[in-house]
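Participant: just the structure for this:
(4 chains)
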There are 2 protein chains.
Amino acid sequence: MPPRITSTAEFARYVGLARTTVSRVLNRQPGLKQSTIDRVQHALTETSFTPNAYATLLKGKGTSSVGICMENLLTPPILLKLATLQRQLRSQGYTSLIEVYARGESRTILRHFLSMRVEAVVFIGHFDTGELETRIRELIGHKTPHLVIDHHGIPLANTVTLDRAQAMREMMNHLLELGHRSFGLLGIPLDHPSRFERIHGIRAALTAHGLDLPACARSFDAQCLRTQDFEFGHTLARQFLELKQPPTAYVALNDEIAIGAMRALQEAGLAIPGAASVTGFNNQDICSMMAPLLTTVDQQIEPTIKMAMQVLMSQLRDGMPARPILRTIKPELVIRQSTGRAAR
Amino acid sequence: MPPRITSTAEFARYVGLARTTVSRVLNRQPGLKQSTIDRVQHALTETSFTPNAYATLLKGKGTSSVGICMENLLTPPILLKLATLQRQLRSQGYTSLIEVYARGESRTILRHFLSMRVEAVVFIGHFDTGELETRIRELIGHKTPHLVIDHHGIPLANTVTLDRAQAMREMMNHLLELGHRSFGLLGIPLDHPSRFERIHGIRAALTAHGLDLPACARSFDAQCLRTQDFEFGHTLARQFLELKQPPTAYVALNDEIAIGAMRALQEAGLAIPGAASVTGFNNQDICSMMAPLLTTVDQQIEPTIKMAMQVLMSQLRDGMPARPILRTIKPELVIRQSTGRAAR
DNA sequence: CTGAAAGCGCTTACAG
DNA sequence: CTGAAAGCGCTTACAG
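Facilitator: Numbering: from 1, shown residues only, chains lettered A, B, ... in the order given. Below you'll find the model as predicted:
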């Protein structure tokens, strides 16, 4: 077993070279004899010595690292974004620091990122708007580039997000064309700021058809606790079924809620889409395993992350933009079997 | 806007105190006037200055950080483990560095962790055994504590893992008691080392009933590519349906594969569990949204992570153990509706 | 409480 | 290629 070496000084002694020389080999500087390089490389694999990153980066110009703050609901699509982004950052020579957000902890997380002197901070998912906005202000004050993926509605934040209003508009148009006029919204409150975009799109479609949102759409969300999405969808749908005239179409915040609702409706003996239509959101793999196959909206994850990388890299290269960057991704409606002609 | 401060020297000048004094406040050392502390705290929030972690940790004794290497298949249970572990580590004052594994990259990842002078390394999930074993050897050589969660079968690795052999034994006993004698294994090859434990448990149950593994269980996995689990389960089940005498019970590697298989069977007009039984693994939320509800095995994530923390903390406190630590978590069979009496 | 000093492990001119 | 030196931003005795 070779000795355990913890500094370039020790390592240089071990190889029998000067500290300076070793450092030059490590940093691939030109003008070195091949034999010297080989000697160092050999000793490197022999001892598996790694230079202390804290010293290197303290001395160096930049840390080549990016902080990524994830929303705490770690769903498959959120994670796909994370994994894709981390891979692409790595390919550009950037390391990523990942932290999972918990309400009220964004300050701690941001301080950690800043103390690690990250060169940019990315937020992926949905957060408390007030908290996030404060963090963004701090980042701007620090002249540290940032990017928000998904969370929408912070004017001063650089944002890449799916056009959820457009998605809802298209979905509603689809349902309206099928003759639906009464809608149950699942997980989409009529007046909560975090769902403003969705409601905006829904309202736009209704208005274009000469319909009024409060008159034909209803939401029960305020009254029950969202812990687990499948269960949540199930509970909400049951509440709708207690109405004298339940809606003919159910529009869910995401696929999980839609699936829970489908189960509740089916348990109540309702055929889908014969007696009721149901729509999801995200186009997760599970959608094509349900009976009936779930109509949903595809999030376009690849284009989203591609755009995110562009926005990040441009900031890393040219510094912070003069005005906030806002990039919108076009959603894609995926019509399957869970939506059909309205029964009445 | 207060100035952007990047070092304690600047900051001390800004507050009008000595660098030493500031450092002492930052490190909560005793014997300081309350008024001094307040002055520093105030300036701290005003400027949102954070000391450079690279300098702090370079000087300090330890980095209080742990490297976590995740398997690349980011499923909900895997992520629940990650989020839980990160939260618990944070509560103990440890920061976590997270990297997502890709085949052949474990060396790069480990070197990154070591250069960051992490105090321990955790692997969560399943990896290439040879690669992982090499990494564990390196860690032992570096006297850096480690822990492997889930991946089983590396004798020298400290491991916390679900007893998958026991889980399969119980599942098979359940099916055998229901009269099943022919089994379709989905995603569990008969001879692949990574599935050794599962097969071991299956064989044990069969042997105890005087049955022979190759005679009554079959697997098609070698012949098709696993890209997406639902689809994979669907494809595998269809292959079984082409047999003259398809099995009466299907045992899947995980819930997704089981769900894909259920769909294929139902599409072929087979009632579950009337005509065929299906079992999953992991007890994900989706299991109780399927029709029929899926019989599966619960992974016991809470106890797993609790045990993992114990093993980690004991190493961090007392140094590396004399011999590898192996802790096994008892699985829990969750019998629902997808398993029933054998048709023939 | 202040100030000057040493040292953590690296990189980078600089003179030999 | 070597060696001595300065400096990155911190902490920590040490003397005032």
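Participant: from the contact counts, what lies against whichever helix or strand A:Leu333 is part of?
Facilitator: Element membership for A:Leu333 (DSSP states H and E) is strand A:332-334. Counting contacts by 3 or more C-beta pairs under 8 Å, 6 or more residues apart in numbering or on different chains; DSSP states H and E, strand A:332-334 is packed against helix A:164-177, strand A:296-298. Just so you know, the C-beta spots here come from the backbone N, C-alpha and C atoms, and that holds for glycine as well.
Participant: which of those has the highest mean neighbour count?
Facilitator: strand A:296-298 (a mean of 23; mean count of other C-beta atoms under 10 Å in any protein chain shown).
Participant: and chain A, which residues reach DNA strand C?
Facilitator: Counting by C-beta under 7 Å from any atom of the strand, chain A comes close to DNA strand C at A:6-9, A:11, A:19-20, A:23-24, A:26-27, A:29, A:51-52, A:55-56, A:58-60.
Participant: hmm, which of these are the buried ones?
Facilitator: For those, a burial check counting by 16 or more other C-beta atoms under 10 Å in any protein chain shown picks out A:8, A:11, A:23-24, A:26, A:51-52, A:55-56, A:58.
Participant: point out where the stretch 51-200 of chain A drops to low pLDDT.
Facilitator: Applying pLDDT under 70 to the stretch 51-200 of chain A flags no residue at all.
Participant: can you list the residue ranges for strands in the stretch 51-200 of chain A?
Facilitator: Using DSSP state E, counting those that start in this stretch, the strands of the stretch 51-200 of chain A run over residues A:65-70, A:95-100, A:120-125, A:146-150, A:159-162, A:183-186.
Participant: so does the first one get close to chain B?
Facilitator: Which is strand A:65-70. No. On the criterion C-beta under 8 Å from any C-beta of the partner chain, strand A:65-70 is out of touch with chain B, staying 8.9 Å away.
Participant: chain center to that strand: distance?
Facilitator: 12 Å (C-alpha atoms, centre = their mean, to the nearest Å).
Participant: distance check, A:Gly319 against A:Pro145.
Facilitator: 8 Å (C-beta to C-beta, to the nearest Å).
Participant: just want to know which of these two has more residues nearby.
Facilitator: Applying other C-beta atoms under 10 Å in any protein chain shown to A:Gly319 and A:Pro145 shows that A:Pro145 carries more neighbours, namely 25 against 10.
Participant: what's the closest non-adjacent residue to the more buried one?
Facilitator: Spatial nearest neighbour of A:Pro145, excluding adjacent residues (C-beta to C-beta, 6 or more residues apart in numbering or on different chains): A:Gln315 at 3.6 Å.
Participant: in contact with the residue in the stretch 201-344 of chain A that DNA strand D sits nearest to, which residues?
Facilitator: Going by C-beta to the nearest atom of the strand, DNA strand D is nearest to A:Gly319 of the stretch 201-344 of chain A, at 18.6 Å. A:Gly319 makes contacts with A:143, A:145, as judged by C-beta atoms under 8 Å, 6 or more residues apart in numbering or on different chains.
Participant: could you report the pLDDT at it?
Facilitator: Reported pLDDT at A:Gly319 in the predicted model: 89.
Participant: do the same with A:Ile5
Facilitator: 87.
Participant: near the residue nearest to A:Pro145, how many other residues are there?
Facilitator: So A:Gln315, with other C-beta under 10 Å, has 19 neighbours.
Participant: equivalent analysis for A:Lys143, please.
Facilitator: Count around A:Lys143 with other C-beta under 10 Å applied: 9.
Participant: how near is it to B:Leu26?
Facilitator: Noted for A:Lys143: a distance of 23 Å to B:Leu26, by C-beta to C-beta.
Participant: do the same with A:Ala53
Facilitator: 22 Å.
Participant: just the helices in chain A please.
Facilitator: Using DSSP state H, the helices of chain A run over A:8-15, A:19-26, A:34-47, A:53-59, A:76-91, A:106-115, A:129-141, A:164-177, A:196-208, A:213-216, A:229-241, A:255-267, A:301-318.
Participant: ok, A:Gly93 - contacts?
Facilitator: Applying C-beta under 8 Å, 6+ apart, the residues near A:Gly93 are A:Ser64.
Participant: so it versus B:Ala102, what's the distance?
Facilitator: Distance from A:Gly93 to B:Ala102, by C-beta to C-beta: 16 Å.
Participant: same question for A:Arg137.
Facilitator: For A:Arg137, the distance to B:Ala102 - C-beta to C-beta - is 36 Å.
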